[in-house]
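**Student:** sequence? don't have it. structure:
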């Protein structure tokens, strides 16, 4: 944490900010460092650093250089560098990253794959921009019924 309780070390490093109380839906492309403290839904792509603040609620397919998470994130995450989940983070997503750090208290539910192979990261980046199914009920199992199978017999 930086001065005044902000999650960035130096305010001069931030190129863009979606602050608490703001909502945005769409596609975000950026260079440098961007911080989201509000609500965001869509797609985020960059070779830079994305900071998801403590009050943020993000539902997105994310492909970035580095990622720091303090708030809530759902979707698909790809980072060529490091994904850092702070103690206040709630992450319901599949992750592909070069390295992963989860502080005590941080919540992660999903699949994780670590790789420094540029080809795998490129494939993961493309997968992260493909729409995913909603994870609104994480406790319910997901079933796909095949047409060539008979339904189960109940008594």
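**Tutor:** Thanks, I have the structure now. Quick caveat, the model's predicted, so the values are computed rather than measured.
**Student:** surely residue 33 is in contact with residue 15?
**Tutor:** Yes: look at residue 33 against residue 15 with C-beta atoms under 8 Å: they come within range, at 5.6 Å. Yep, even glycine has a C-beta here, placed from its N, CA and C like the rest.
**Student:** and these two? Which one has more around it.
**Tutor:** Neighbours were counted for residue 33 and for residue 15 using other C-beta atoms under 10 Å; residue 33 has more, 22 against 14.
**Student:** ok now do that one, which residues does it touch?
**Tutor:** Applying C-beta atoms under 8 Å, 6 or more residues apart in numbering to residue 33 gives the contacts 8, 13, 14, 15, 48, 49, 50, 51.
**Student:** residue 112 versus that one, what's the distance?
**Tutor:** As judged by C-beta to C-beta, to the nearest Å, residue 33 and residue 112 stand 24 Å apart.
**Student:** and for residue 60?
**Tutor:** 18 Å.
**Student:** could you pull out the strands for this protein?
**Tutor:** Ranges of strands within the chain are 14-18, 23-29, 33-36, 39-45, 49-52, 57-64, 66-69, 72-85, 90-102, 107-109, 112-114, based on DSSP state E.
**Student:** what mean pLDDT does the fourth one get?
**Tutor:** Strand 39-45 shows a mean pLDDT of 98.
**Student:** repeat for the first one
**Tutor:** Confidence for strand 14-18, expressed as mean pLDDT, is 92.
**Student:** what helices and strands are in contact with that strand?
**Tutor:** Applying 3 or more C-beta pairs under 8 Å, 6 or more residues apart in numbering; DSSP states H and E, one finds that strand 14-18 makes contact with strand 33-36.
**Student:** strands paired with the strand it packs on, and their directions?
**Tutor:** Looking at strand 33-36 with DSSP bridges, its partner strands are strand 14-18 (parallel), strand 49-52 (parallel).
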